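1. no sequence on hand, only this structure:
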């Protein structure tokens, strides 16, 4: 199997007559089947434009049946048995979704935004059928773009609450992840980190220009290093978003990375840089959210943190919000909420997690003037 710059090899499984590799290719997770005897090969066709798939547990060596998992932004987690010779598939189980859910009510898309340096960046989209593409729909776009983490467009029950109220839900597969291969990660870290932020801004701008939404109905969300992303784009294009949700955000980059006593710091010099090196310090300072705050207007902001967060300490977003309150000249909402029980991943327990999600969604809907299921025009 030759090296391919645009493909990430996630793993492989060996069978008596086949080799199966899990890959990220063309922005999406793919399952690649190769027959040992004649090297005939094919990728499993899943039938949707954007999706997530992975190889399941396959303990048998002498078999032509591969079990894999599949889901998409509109399809719940599905377990499939696939005949690697005939390509026949048998659905073994679909995760149940209560409340009269019907996947046929929703539409997914996989589109490409050409960003400022000419690179094409993929975006996964889902919305309820019948949503007008005239700029009137609200939109919720998320991104991450760090540590090589690929943001897979898998099913999320929580998002149904937005979809059924007319939202377009989007994921920007920006550089810094590995959706397009390992080079996609290399092009979004260290001295090329600005690509991550530029990609997200240009993807959001693309959705506005293509009339999936408009700037006065566009919301962005990111957590942790995705919170750094939110802080950066807030400074870069405050006019582009109605509101931004920033969760446990890494917003004071230089201060944190200058403290080697913090357990995570030195291991992340290869991700962000070491401020002891002047060139790396100067580059970090161009995007560090706290260091780039200035007097002016900002969008509505919901900043969330956890008192017991061991990865991004609560005082990072606390000082960020305090400075922002001094500098912002608008009348937009700036809320700062500290969880006293959760940690970096939020609170434990199903219902507490849902309460946190409800806070975020109701905050967006309130800013849109939504009453029940309708948005006031």
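-> Yep, that arrived. Computed from a predicted structure; not experimentally measured.
2. all contacts plus neighbour counts: C-alpha atoms, from now on.
-> OK.
3. domain ranges for the protein?
-> Domain ranges of the chain: 7-94, 103-375, per automatic domain parsing.
4. where does the prediction get shaky in the protein?
-> For the chain, applying pLDDT under 70 flags the ranges 343, 345-348, 372-377.
5. if we go to 50?
-> Filtered on pLDDT under 50, the chain yields the residue ranges 375-377.
6. where is the longest helix in it?
-> Of all segments of type helix in the chain, defined using DSSP state H, the longest is helix 350-367.
7. adjacent strands (with direction) for the following helix or strand past that helix?
-> Next helix or strand after helix 350-367 toward the C-terminus (DSSP states H and E): strand 370-371. When pairs are called by DSSP bridges, strand 370-371 turns out to pair with strand 374-375 (antiparallel).
8. coming back round to it: mind listing what's buried along the longest helix of the chain?
-> Residues 360, 361, 363, 364, 365 are the ones in helix 350-367 that count as buried (16 or more other CA atoms under 10 Å).
9. and the gap between the second one and residue 171?
-> The one in question is residue 361. For residue 361, the distance to residue 171 (CA to CA, to the nearest Å) stands at 17 Å.
10. cool, the first one as well?
-> Plainly put, residue 360 is 17 Å away from residue 171 if you go by CA to CA.
11. what about the helices in the stretch 101-250 of the chain?
-> 160-163, 182-186, 194-209, 225-236 (DSSP state H, counting those that start in this stretch).
12. and stretch 15-29, what's buried?
-> So for stretch 15-29, counting by 16+ other CA under 10 Å, buried means 15, 18, 19, 20, 21, 22, 23, 24, 25, 27, 28, 29.
13. stretch 258-268 now?
-> 258, 265, 266.
14. residue contacts, residue 148?
-> Residues in contact with residue 148 (CA atoms under 8 Å, 6 or more residues apart in numbering) are 176, 177, 178, 182, 185.
15. distance of the first one relative to residue 145?
-> This means residue 176. Residue 176 sits 4 Å away from residue 145 when distances are taken as CA to CA.
16. same question for the fourth one.
-> Per CA to CA, residue 182 is found 12 Å from residue 145.
17. which one's more surrounded, the two?
-> Using other CA atoms under 10 Å as the criterion, residue 182 and residue 145 rank with residue 145 on top: 31 against 20.
18. that one against residue 180, yeah?
-> No - contact criterion CA atoms under 8 Å: residue 145 and residue 180 do not qualify, at 11.8 Å.
19. inside strands: which ones of the buried residues of stretch 15-29?
-> 18, 19, 20, 21, 22, 23, 24, 25, 28, 29 (DSSP state E).
20. residues in a beta bridge with residue 41, which ones?
-> residue 34.
21. I'd say it and residue 35 touch.
-> Yes - assessed by CA under 8 Å, residue 41 is found in contact with residue 35 at 6.3 Å.
22. overlap in contacts, residue 176 and residue 145.
-> In contact with both residue 176 and residue 145: 185, 188, 196, using CA under 8 Å, 6+ apart.
23. for residue 178, see how far away the first one is.
-> Using CA to CA, one obtains 5 Å as the distance from residue 185 to residue 178.
24. picking up where we left off before, dump the contacts of residue 148 to JSON lines, plus distance to residue 317.
-> JSON lines is the format used below for the contacts of residue 148 (distance: CA to CA, whole Å):
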{"residue": "176", "distance to residue 317": "22"}
{"residue": "177", "distance to residue 317": "24"}
{"residue": "178", "distance to residue 317": "27"}
{"residue": "182", "distance to residue 317": "31"}
{"residue": "185", "distance to residue 317": "26"}
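25. quick check: the farthest pair among the residues you listed?
-> Distance extremes for these: the farthest pair is 176 and 182 at 9.1 Å, using CA to CA.
26. please identify the deepest-packed of the helices of the stretch 101-250 of the chain.
-> Most buried of the helices of the stretch 101-250 of the chain, by mean neighbour count (mean count of other CA atoms under 10 Å): helix 225-236, with a mean of 25.
27. other SSEs contacting it?
-> Helices and strands touching helix 225-236, by 3 or more CA pairs under 8 Å, 6 or more residues apart in numbering; DSSP states H and E, are helix 194-209, strand 218-223, strand 243-247.
28. turn those into CSV, including distance to residue 53.
-> Compiled in CSV, these are given as follows (distance: least, CA to CA, whole Å):
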stretch, distance to residue 53
helix 194-209, 24
strand 218-223, 23
strand 243-247, 27
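29. residue 285: which of these is closest?
-> Of all the helices and strands packed on helix 225-236, helix 194-209 sits nearest to residue 285, with 11.2 Å by CA to CA.
30. can you list contacts of the closest one?
-> Counting contacts by CA under 8 Å, 6+ apart, the residues outside helix 194-209 that touch it are 113-116, 121, 123, 135, 141, 143, 145, 172, 174-176, 187-189, 213-215, 229, 232-233, 237, 240, 287.
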